[in-house]
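In: sequence-free structure coming up:
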Ligand SMILES: CC(=O)SCCNC(=O)CCNC(=O)[C@H](O)C(C)(C)COP(=O)(O)OP(=O)(O)OC[C@H]1O[C@@H](n2cnc3c(N)ncnc32)[C@H](O)[C@@H]1OP(=O)(O)O
Ligand SMILES: O=C([O-])CC(=O)C(=O)O
């Protein structure tokens with residue numbers, strides 16, 4: 001029997017399990033960098049395609065590299081008839097994250113690229129997913145609305161093309177920029193639960209599609225990516241800005257977590273929130289109307305009340321959830337949009353894990369029953385004894 005009790009880090013809180021060159025969350029200053037660049041500068045001056053390139057290659061692309069990257073991404077956007085037919089057979093009631101998880105698994109089974117785990121093969125698979133996921137997400141939202149899919153356009157950028165496939169039109173540049181900002185902010189966040197899931201699967205030398213399928217499952221939960229949808233459900237449940245305080249008291253008394261608030265790493269505010277809040281404010285100003293004003297007022301009132309009452313700050317899902325609602329997405333599409341963006345970060349981590357792989361396999365401190373004999377009645381049931 002051990003004489004000392006090992007330290008338990010439930011939820012791996014505070015545990016440093018490996019190094020990474022991809023991004024860092026600096027707790028002390030509430031800041032975030034991708035490959036060394038502050039995310040607020042990237043979100044202001046760059047496109048999502050440039051960010052995906054940066055995360056995968058370590059440097060921003062020059063003009064020729066960007067043109068080549070865009071051409072390859074745009075050529076891979078269409079899904080084939082088999083994929084579309086398979087996804088059309090899923091029940092319309094199933095959550096779009098289930099559709100996406102199934103789509104990634106199926107795309108993996110169909111991909112003819114040699115599965116040698118090389119960086120070249122994995123970059124090709126990563127680009128395939130980056131290009132095709134928006135096509136799947138947009139078609140699925142249209143299916144739920146009883147509409148035919150709109151094929152991808154090779155003329156449009158990543159954000160514009162997705163919005164066009166969803167709504168049949170490209171919105172004004174301000175709305176496109178808000179959407180692109182959200183994609184850049186969601187793209188990468190170090191060893192969060194879904195990225196760590198992808199790294200665990202990869203560490204067994206399994207394939208990239210398996211790792212991404214598992215990561216989608218991890219992101220779906222409301223304590224992680226699913227919170228952007230939960231934020232919208234919560235705002236609709238509260239309804240009236242005047243009810244924010246009373247609702248919060250009831251929720252806290254019932255020991256409910258307030259969705260879109262709190263974070264495992266940031267304890268004084270999420271570095272991405274001011275940038276996304278600014279994008280949301282611009283959207284609200286454009287979409288002015290009584291319904292938008294009511295929701296924006298409620299959003300601000302709840303934020304104020306939660307910070308005052310609990311000292312817990314909003315995370316990125318809080319402004320992103322309302323922004324997606326105002327852009328016209330249905331709520332179940334919010335977390336799939338997160339996937340379309342986070343695919344860049346997940347696949348960067350999969351390559352990094354493979355480059356310095358060690359099987360991820362922690363220990364547990366056993367606190368079940370001590371060793372004991374199996375009772376004879378179970379070990380040798382009467383029916384067996386009778387037959388002997
Ligand atoms: C993009 C993303 O994935 S960001 C995260 C999205 N998830 C959410 O928004 C879901 C709501 N938030 C939460 O459940 C949590 O804040 C988590 C899961 C994100 C982080 O959890 P942890 O790091 O384990 O922090 P923990 O849950 O221990 O919270 C610490 C304290 O803050 C409180 N707290 C943290 N978040 C919340 C919240 N959303 N609502 C109410 N209280 C909260 C806890 O009750 C706890 O208080 P206590 O010490 O008095 O018990
Ligand atoms: O880092 C985390 O734990 C969750 C998060 O904000 C993200 O994945 O973007």
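Out: That came through fine. All of these numbers come straight from a predicted model, not from anything done at the bench. Residues are numbered from 1 along each chain as shown. Ligands and ions are numbered 1, 2, ... in the order given.
In: what about residue 231, how many neighbours?
Out: Neighbour count of residue 231, defined by other C-beta atoms under 10 Å: 29. In this view, the C-beta of every residue, glycine as well, is placed from N, C-alpha and C.
In: actually residue 250, not the one I wrote
Out: Look at residue 250: counted by other C-beta under 10 Å, it has 11 neighbours.
In: how about residue 246?
Out: Taking other C-beta under 10 Å as the neighbour definition, residue 246 ends up with a count of 12.
In: cool, the one 10 residues further on as well?
Out: Residues contacting residue 256 under the criterion other C-beta under 10 Å number 11.
In: need phi/psi at the nearest residue to residue 316 once chain neighbours are set aside.
Out: Counting by C-beta to C-beta, 6 or more residues apart in numbering, residue 272 is the residue found nearest to residue 316 once chain neighbours are left out, at 4.5 Å. The phi/psi pair for residue 272 (degrees, to the nearest 10) reads phi -90, psi -20.
In: for residue 38, same thing?
Out: Backbone torsions for residue 38, taken as degrees, to the nearest 10, come to phi -60, psi 130.
In: picking that back up, from ligand 2, how far off is the residue nearest to residue 316?
Out: Distance of residue 272 to ligand 2, given as C-beta to the nearest ligand atom, to the nearest Å: 8 Å.
In: ok, residue 276 next?
Out: Distance, residue 276 to ligand 2, by C-beta to the nearest ligand atom: 11 Å.
In: that residue and residue 182 touch, don't they?
Out: Yes - applying C-beta atoms under 8 Å as the test, residue 276 and residue 182 come out as touching, 6.3 Å apart.
In: what sits in contact with each of those two?
Out: Taking C-beta atoms under 8 Å, 6 or more residues apart in numbering as the criterion, residue 276 and residue 182 both touch 320, 323.
In: who touches the residue nearest to residue 316 in this structure?
Out: 32, 39, 185, 316.
In: do you know the pLDDT at it?
Out: The model reports residue 272 with a pLDDT of 97.
In: for it, give its distance to ligand 1.
Out: According to C-beta to the nearest ligand atom, residue 272 stands 9 Å off from ligand 1.
In: count of neighbours near the closest residue to residue 101 other than its chain neighbours?
Out: Leaving aside its sequence neighbours, residue 101 sits nearest to residue 216 (C-beta to C-beta, 6+ apart; 4.5 Å). Residues lying near residue 216 (other C-beta under 10 Å) number 29.
In: where's residue 216, which helix or strand?
Out: Using DSSP states H and E, residue 216 sits within helix 208-220.
In: what helices and strands are in contact with that helix?
Out: The contact analysis (3 or more C-beta pairs under 8 Å, 6 or more residues apart in numbering; DSSP states H and E) places helix 208-220 against helix 96-110, helix 119-144, helix 193-203, helix 334-355.
In: of those helices, which is nearest residue 373?
Out: helix 193-203 (36.0 Å; C-beta to C-beta).
In: and the residue of the stretch 201-350 of the chain closest to ligand 1?
Out: Per C-beta to the nearest ligand atom, residue 262 is where the stretch 201-350 of the chain lies closest to ligand 1, at 2.2 Å.
In: how about the residues of the stretch 201-350 of the chain near ligand 1?
Out: 223-225, 227, 257-264, 310, 312, 315-317 (C-beta under 6 Å from any ligand atom).
In: one more time with 8 Å
Out: Taking C-beta under 8 Å from any ligand atom as the criterion, the stretch 201-350 of the chain approaches ligand 1 at residues 219, 222-228, 230-231, 252, 256-265, 270, 306, 310-312, 315-318, 338.
In: just checking, which of the residues you listed belong to strands?
Out: When those are checked against strands (DSSP state E), there are no matches.
In: for ligand 2, tell me which of those residues show up nearby.
Out: 219, 224, 225, 263, 264, 265, 270, 315, 316, 317.
In: so what are the domain limits for the chain?
Out: Domain assignment for the chain by automatic domain parsing gives 18-227+328-355, 243-325.
In: can you lay out the helices and strands packed on helix 208-220 as a markdown table showing mean neighbour count?
Out: Formatted as a markdown table, these follow (neighbours: other C-beta atoms under 10 Å):
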| stretch | mean neighbour count |
| --- | --- |
| helix 96-110 | 20 |
| helix 119-144 | 20 |
| helix 193-203 | 22 |
| helix 334-355 | 24 |
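In: redo those helices as JSON lines? Include mean pLDDT.
Out: Below are the helices and strands packed on helix 208-220 laid out as JSON lines (pLDDT from 0 to 100):
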{"stretch": "helix 96-110", "mean pLDDT": "97"}
{"stretch": "helix 119-144", "mean pLDDT": "96"}
{"stretch": "helix 193-203", "mean pLDDT": "98"}
{"stretch": "helix 334-355", "mean pLDDT": "98"}
